[in-house]
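Enquirer: structure for the following, please:
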Amino acid sequence: MQSRRHFLASSALTLSYLALGRAWAATPKDLVAIGKQIDDILSFDPAECSEYSGDEIVGNCYRKLVAPDLADPTKIVGDLARSWDVGPDGQTLTFHLRDDARFDSGNPVTAEDAAFSLQRLILLNKSPAFLLGQFGFTADNVAKLIRAADAHTLIIQLPTVQATSFVLFCLTPGAGCVVEKAVALAHEMAGDLGNGWLKTHSAGAGPYRLVSWAASDHVIVEANAHYSPAPNIRRVVVQHINDAAAQFLALQKGDIDIARNLDSDQLKMLAGNADYQISPQPQLSSLYIAMNQKVPDLARPGVQQAIKWAIDYDAIARNITPVTWTVGQSFLPNGLAGALPNQPFSKDVARAKDLLATAGVPNGFTVAMDYQAASPYAEIAQAIQQDLKAIGITVELIPAERKQVVTKTRARAHQLSLLVWGSDYYDPNSNAQAFCANSDDSENAAIKSVAWRSHFVDPELTREAEEAAKEIDADKRVARYHAMQQQFWDRAPFALLLQQNAVSVLRKGVSGLVVGSLPDYTRYGQIRKS
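Expert: Modelled structure (predicted):
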């Protein structure tokens, strides 16, 4: 054990030399080094984690009851559950668990672990808790309604009748991960159900286990010896390399095997080079500007529309992100049912100025915008700054690490914020609820949606999001989302800018990285090195 820990520590230290420009020559055959921007990580506890990089690690360290069929994400398949039944009342879901799954401790996964994990989600009441909380589960009723009937049978009793498919989809994000109960409780402090420990450790049944994390530096996972089939690569190191040029250099030197954040110019330089494999994957991720409604000028509908009409979306996509991001102006990205491909906004300086004048601020105003201090976000923020300056709005740019931008926005302390939002699951309600629904704008709201974070309250859109989620008829449901997107463009204080296309670059001899359209479905277990 001592020698293994020493090797892990040495690996992390050696990789951190990348920041100093020192080469590592070549990575070992049983280790894959990935260069990636990972400064958004706040926690690896599935009941708390909701950031991109953390979700990816959680997805490789844990398993869930069910998962989307990645060949057809509109369908649900079993993961830890081999099958499930729905009772005649429409409210009782019975999951029959497989008997061959093992945690990284070697202990079998049981229905009691699954019940504990879902109960724990509600009891901790962190950000992801809304995924189950929206169905009526509370700290007072969850132990009674979610329970193990025996070692391999889990019963979920819904407080009210819900569309079964919708409930199942809400069990597929990281919040639905099954944590080993005994391990979590063994590290419990002051009734936190192991949250403090699980922020930086794992207790899952996935192909890997978390062994090391240093904020804004690295994450190391190693193969779970009890997972079948065994991962091809024993250890994966994800090194934080914020600058795309540094990633490019590290890839060329062989210090990393895979680069995840190269920019468009670098990708063009590698195109056609047999020493590298370029692998794109469209994402259900959107880049947007949030306008906090507690800022008086931003609360003016005319100002919101002026900002949307001031931005040159096509120029940003063409000149800054021609390969990695494309124009996407809907809160439903392409790939989700009901998404509209329309692009209603384009740069129109005269129209934007008229809107400002009608809104009562003909001379503009000054506002601050938070953004992630990395490419391409820095370049996009500067482009937006110039576009808004042309209509009289002065934007003071505030660069920071992604986790700082996210934390500030969750605290509702921003003015403008340039952010990335990714769907929680493969259903349009994930984004509709996030951007449109805010039934309680108080600080103690049960659901702190994207709308809540910017004090956006629209009772009609909130009601329509709730009704669309319950609509059984598929065509009527799509029609509802089409109507919501039209209303959103007219009334919401969000400017949707771009949709992501994640491009990974693998060195020759490295293959098998599976990048999911959602971060927690990116898989390391099939990576190979020759």
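Enquirer: and the helices in the stretch 101-250 of the chain?
Expert: 111-124, 130-133, 142-145, 164-169, 181-186, 195-198, 244-253 (DSSP state H, counting those that start in this stretch).
Enquirer: dump the fourth one to PDB, restricted to CA.
Expert: Taking Å, rounded to 0.1, in the frame of the first residue of the first chain, the C-alpha atoms of helix 164-169 are listed here in PDB:
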ATOM      1  CA  THR A 164     -42.700   6.700 -15.500                       C
ATOM      2  CA  SER A 165     -40.300   7.600 -18.300                       C
ATOM      3  CA  PHE A 166     -39.800  11.100 -16.700                       C
ATOM      4  CA  VAL A 167     -39.000   9.500 -13.300                       C
ATOM      5  CA  LEU A 168     -36.600   7.100 -14.800                       C
ATOM      6  CA  PHE A 169     -34.800   9.900 -16.700                       C
END
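Enquirer: which residues sit against that helix?
Expert: With contact meaning CB atoms under 8 Å, 6 or more residues apart in numbering, helix 164-169 is reached by 66, 68, 76, 84, 86, 90, 93, 135, 156, 158, 425-427, 429-430, 469-470. Every residue, glycine included, has its C-beta placed from N, CA and C.
Enquirer: just checking, which of those residues belong to strands?
Expert: Counted as lying in strands by DSSP state E, out of the contacts of helix 164-169, are 66, 68, 76, 84, 86, 93, 156.
Enquirer: now the buried members of the residues you listed.
Expert: 66, 68, 76, 84, 93, 156 (16 or more other CB atoms under 10 Å).
Enquirer: so, low pLDDT: which residues of this protein?
Expert: 1-25 (pLDDT under 70).
Enquirer: care to break it down by domain?
Expert: 2-58+206-275+508-529, 66-184, 283-501 (automatic domain parsing).
Enquirer: so for residue 196, which of those domains sits nearest?
Expert: Closest approach to residue 196 among the domains of the chain (CB to CB): domain 2-58+206-275+508-529, 8.7 Å.
Enquirer: any idea which strand is longest in this structure?
Expert: Max-length strand for the chain by DSSP E is strand 276-291.
Enquirer: quick one on the thing from earlier: between the buried ones among the ones in strands among the contacts of helix 164-169, which is nearest residue 37?
Expert: Residue 37 has its nearest neighbour among those in residue 68, at 25.4 Å by CB to CB.
Enquirer: kindly state the beta-bridge partners for the closest one.
Expert: For residue 68, the beta-bridge partners under DSSP bridges are residue 76.
Enquirer: surely it is in contact with residue 426?
Expert: Yes. Using CB atoms under 8 Å, residue 68 and residue 426 qualify as a contacting pair, with a distance of 4.8 Å.
Enquirer: find residues that contact each of those two.
Expert: With CB under 8 Å, 6+ apart, residue 68 and residue 426 have common neighbours 74, 169, 172.
Enquirer: which SSE is immediately downstream of the top helix by length along the chain?
Expert: Longest helix in the chain, counting residues (DSSP state H): helix 474-491. Moving toward the C-terminus from helix 474-491, the next helix or strand (DSSP states H and E) is strand 494-507.
Enquirer: what pairs with that following strand, and is each one parallel or antiparallel?
Expert: strand 258-259 (antiparallel), strand 276-291 (antiparallel), strand 325-327 (antiparallel).
Enquirer: turn those into a markdown table, including distance to residue 392 and mean neighbour count.
Expert: Converted to a markdown table, the strands paired with strand 494-507 look like this (distance: least, CB to CB, whole Å; neighbours: other CB atoms under 10 Å):
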| stretch | distance to residue 392 | mean neighbour count |
| --- | --- | --- |
| strand 258-259 | 40 | 26 |
| strand 276-291 | 16 | 20 |
| strand 325-327 | 24 | 20 |
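Enquirer: and those strands: which comes nearest residue 162?
Expert: Closest among the strands paired with strand 494-507, using CB to CB: strand 276-291, at 22.5 Å.
Enquirer: could you export the very next helix or strand once past the closest one as PDB, CA atoms only?
Expert: Going down the chain from strand 276-291, the next helix or strand is helix 301-310, by DSSP H and E. Extracted as PDB, the C-alpha positions of helix 301-310 are listed here (Å, rounded to 0.1, in the frame of the first residue of the first chain):
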ATOM      1  CA  PRO A 301     -37.100  44.000 -20.800                       C
ATOM      2  CA  GLY A 302     -35.900  46.400 -23.500                       C
ATOM      3  CA  VAL A 303     -32.300  46.200 -22.200                       C
ATOM      4  CA  GLN A 304     -32.400  42.400 -22.200                       C
ATOM      5  CA  GLN A 305     -33.600  42.400 -25.900                       C
ATOM      6  CA  ALA A 306     -31.000  45.100 -26.700                       C
ATOM      7  CA  ILE A 307     -28.200  42.900 -25.400                       C
ATOM      8  CA  LYS A 308     -29.500  40.000 -27.500                       C
ATOM      9  CA  TRP A 309     -29.600  42.100 -30.700                       C
ATOM     10  CA  ALA A 310     -26.100  43.600 -30.000                       C
END
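Enquirer: outside of helix 301-310, which residues touch it?
Expert: By CB under 8 Å, 6+ apart, the list of residues contacting helix 301-310 reads 289, 291, 297-298, 345-349, 351-353, 355-356, 358-361, 387-388, 390-391, 393, 489-493, 495.
Enquirer: which of those residues count as buried?
Expert: 289, 291, 297-298, 345, 347-348, 351-353, 355-356, 359, 361, 387-388, 391, 393, 489, 492-493, 495.
Enquirer: on that earlier part again, now for the helices of the stretch 101-250 of the chain, which one comes closest to residue 457?
Expert: helix 130-133 (16.9 Å).
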